[in-house]
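**Q** Please work out how this folds:
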Amino acid sequence: MAQNTPNSYRNLMIYQVFVRQHTKTGDFKGLIEDLDRIKSLGTDIVYLLPIHPIGKLDRKGEVGSPYSIKDYYAIDEAHGDLNSFKELITEVHKRDMKLMIDIVFNHTSRDSELTKTNPDWFYRKADGSLANRVGDWSDIADLDFGKRQVWDYLIDVLKYWAQYVDGFRCDVAPLLPLDFWKEAREKVSAIRPDIIWLSESVEYGFIKYLRDIGFDASTDSQIFEAFDIAYEYDIFSFMDGYLKGRNTLERYLYEVNRQESVFPKNYVKLRSFENHDQDRIASKTKNYDQLIQMTALQFFLKGAVMIYAGQEHQVTKRPDLFEKDLVPWNKENSIEPLITRLATIKKDPLLSEGIFEILESKEIAVLSYKDTQRKLIGIFNLENKSEVKVDLKDGLYQDLLTNKTYEIKNSILKLDNQPLIFDIKL
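**A** Okay, the predicted model is just below:
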């Protein structure tokens, strides 16, 4: 991992925003009006999906995907302009938050500025037409990182945006050369050493597939050589599999625990149960109680946490990537108070510096963090069980989420439908 990545990044809460879907106006000004609420959730970083103009050639849908970028140096006029973007940054900073933008360097739109100025920088089919290394996505074309000029140009793009923003979320970063990211980080750090680097990772099956057909892709262990934080796609399928009945909770938590030994000691995983590519967690949980338990578990897992806008209102529909599709906000379904409380607990240094353990994983998830003076223990009743055996002294314990008191008798804790977090002095 980048040597200067602090463990405190595990205490971060990131809030993901799809600008055009977030408000009726679909622009930066509309987002500014929501910043007080976003901050009140406990947000540290506001992360925006790509803000650049979308290509028109072979566009998918009426509006198109923000990941089909026409010009890396421009701002989509539907969002605003550079001045309104600067205003957004100012307002984010006023609320003691940071702003992160999405960086998409694997490909551009098929009518991007680079296809005109530097057509030789792209992969091509035998007939000379624009191509992708994998798949045949009609609205994008892959850049060729075998060309040194591509590296220099894209690093300059990063330097340009680094003068404004506080972090980069890098799309499918493992598909680009690891040496590119190392060099990019080194050169950007010369002007902005405090930039936070977040890598989208890819599932291991896809890495093997790419290698089998002659390309390369970095594992998460390699990605940590250049990035501060990485997605948890190495184990996402096991979380998803548990909710869909493909594997057990125990298998999922085994994979969580395995991360403790396969990644660098100061690794920071992004605990994200939904995003613009993944279905909403509320559409996969069996009922409200399980959703609440999963949400609390998400925050209590070791690493930074990301909420996708709408998750806090139990939204079940993922916004369309290619059309205007406003998040169906519904305050009546709000779980914002729970998320705010979880985000407060997330800031506890014990969750970034303490020894992490999984104590129970069969049907109830029991996790703990401890040092020489304290232990935080989280109990997540995902299968609506009536009790759990815990290795705690008999007595009364106060839950940090509700302030309710629970009794442990003969090492047995009677459970209800609430997630529980106890702060215990040792």
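**Q** low-scoring stretches of the stretch 101-250 of the chain, by residue?
**A** Scanning the stretch 101-250 of the chain for pLDDT under 70 picks out 136.
**Q** What residues does residue 239 make contact with?
**A** By C-beta atoms under 8 Å, 6 or more residues apart in numbering, the residues touching residue 239 are 252, 273. Where you see a C-beta, it was placed from the backbone N, CA and C, and this is true even at glycine.
**Q** same deal with residue 57?
**A** Contacts for residue 57 (C-beta under 8 Å, 6+ apart) come out as 109-111, 139.
**Q** where does it land in three-state SS?
**A** At residue 57 the chain is in coil, as set by DSSP: H, G, I helix; E, B strand; the rest coil.
**Q** Equivalent analysis for residue 378, please.
**A** What three-state DSSP gives for residue 378 is strand.
**Q** you'd agree it is up against residue 364?
**A** No - the criterion here is C-beta atoms under 8 Å, and residue 378 misses it with residue 364 at 10.6 Å.
**Q** Most neighbours out of the contacts of residue 57, which is it?
**A** Tallying neighbours with other C-beta atoms under 10 Å puts residue 109 at the head of the contacts of residue 57, with 27 neighbours.
**Q** Hmm, it is touching residue 71, no?
**A** No - the pair residue 109 / residue 71 is not scored as a contact, 9.0 Å apart, by C-beta under 8 Å.
**Q** how about the most far-flung residue of the chain relative to its centre, what does it touch?
**A** No residue in the chain sits farther from the centre than residue 410, which is 40.6 Å out by C-alpha atoms, centre = their mean. By C-beta under 8 Å, 6+ apart, the contact set of residue 410 is residue 394.
**Q** Got the phi and psi for it?
**A** When read as degrees, to the nearest 10, the backbone of residue 410 gives phi 60, psi 40.
**Q** Tell me the predicted confidence for it.
**A** Note on residue 410: pLDDT of 95.
**Q** contacting residues for residue 73?
**A** By C-beta under 8 Å, 6+ apart, residue 73 lies in contact with 157, 160.
**Q** That one falls within a helix, correct?
**A** No - the assignment for residue 73, made by three-state DSSP, is coil rather than a helix.
**Q** Can you give me the distance of it to residue 185?
**A** Counting by C-beta to C-beta, to the nearest Å, the gap from residue 73 to residue 185 is 20 Å.
**Q** what sits against residue 85?
**A** Residue 85 neighbours (C-beta under 8 Å, 6+ apart): 28, 51, 75, 79, 164.
**Q** Got a quick PyMOL command for the buried subset of these?
**A** Applying 16 or more other C-beta atoms under 10 Å to the contacts of residue 85 leaves a buried subset, and the PyMOL line that selects it is:
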select buried, resi 28+51+75+79
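**Q** Is it possible to get a markdown table of the contacts of residue 85 that adds secondary structure and distance to residue 417?
**A** Below are the contacts of residue 85 laid out as a markdown table (DSSP: H, G, I helix; E, B strand; the rest coil; distance: C-beta to C-beta, whole Å):
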| residue | secondary structure | distance to residue 417 |
| --- | --- | --- |
| 28 | helix | 40 |
| 51 | coil | 41 |
| 75 | coil | 46 |
| 79 | coil | 41 |
| 164 | coil | 45 |
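**Q** For residue 43, state which of the contacts of residue 85 is nearest.
**A** residue 28 (16.6 Å; C-beta to C-beta).
**Q** Please tell me the pLDDT value assigned to that closest one.
**A** Looking at residue 28, its pLDDT stands at 98.
**Q** isn't it right next to residue 82, touching?
**A** No - the pair residue 28 and residue 82 does not pass the contact test of C-beta under 8 Å, sitting 10.3 Å apart.
**Q** where exactly do the strands run in the stretch 251-400 of the chain?
**A** Assigned by DSSP state E, counting those that start in this stretch, the strands in the stretch 251-400 of the chain fall at 269-271, 304-308, 355-360, 365-370, 374-380, 387-389, 395-398.
**Q** Please identify the most buried of the ones you listed.
**A** Of all the strands of the stretch 251-400 of the chain, strand 304-308 has the most neighbours on average by mean count of other C-beta atoms under 10 Å, namely a mean of 25.
**Q** Who are the packing partners of it?
**A** Applying 3 or more C-beta pairs under 8 Å, 6 or more residues apart in numbering; DSSP states H and E, one finds that strand 304-308 contacts strand 13-17, strand 269-271, helix 336-346.
**Q** the inter-axis angle of it versus strand 13-17?
**A** 30 degrees (axes from the mean of the first three to the mean of the last three C-alpha atoms, to 10 degrees).
**Q** Contacts made by strand 304-308 with the rest, please.
**A** Looking at what lies outside strand 304-308 - C-beta under 8 Å, 6+ apart - the contacts are 9-16, 41, 43, 47, 229, 268-272, 274-276, 280, 298-299, 339, 343, 346.
**Q** ok, residue 202 - how many residues close by?
**A** 22.
**Q** Also residue 422?
**A** Neighbour number of residue 422 under other C-beta under 10 Å is 19.
**Q** Now do the SS call for it.
**A** Criterion first, three-state DSSP; result for residue 422: strand.
**Q** quick one: contacts for it?
**A** Contacts of residue 422 by C-beta under 8 Å, 6+ apart are 376-377, 379, 392, 397-400.
**Q** ok, back up a step: can you put the strands of the stretch 251-400 of the chain in JSON lines and add mean pLDDT and distance to residue 168?
**A** Formatted as JSON lines, the strands of the stretch 251-400 of the chain follow (pLDDT from 0 to 100; distance: least, C-beta to C-beta, whole Å):
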{"stretch": "strand 269-271", "mean pLDDT": "98", "distance to residue 168": "13"}
{"stretch": "strand 304-308", "mean pLDDT": "98", "distance to residue 168": "15"}
{"stretch": "strand 355-360", "mean pLDDT": "97", "distance to residue 168": "27"}
{"stretch": "strand 365-370", "mean pLDDT": "98", "distance to residue 168": "29"}
{"stretch": "strand 374-380", "mean pLDDT": "98", "distance to residue 168": "31"}
{"stretch": "strand 387-389", "mean pLDDT": "95", "distance to residue 168": "42"}
{"stretch": "strand 395-398", "mean pLDDT": "96", "distance to residue 168": "41"}
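**Q** Alright, I will stop here.
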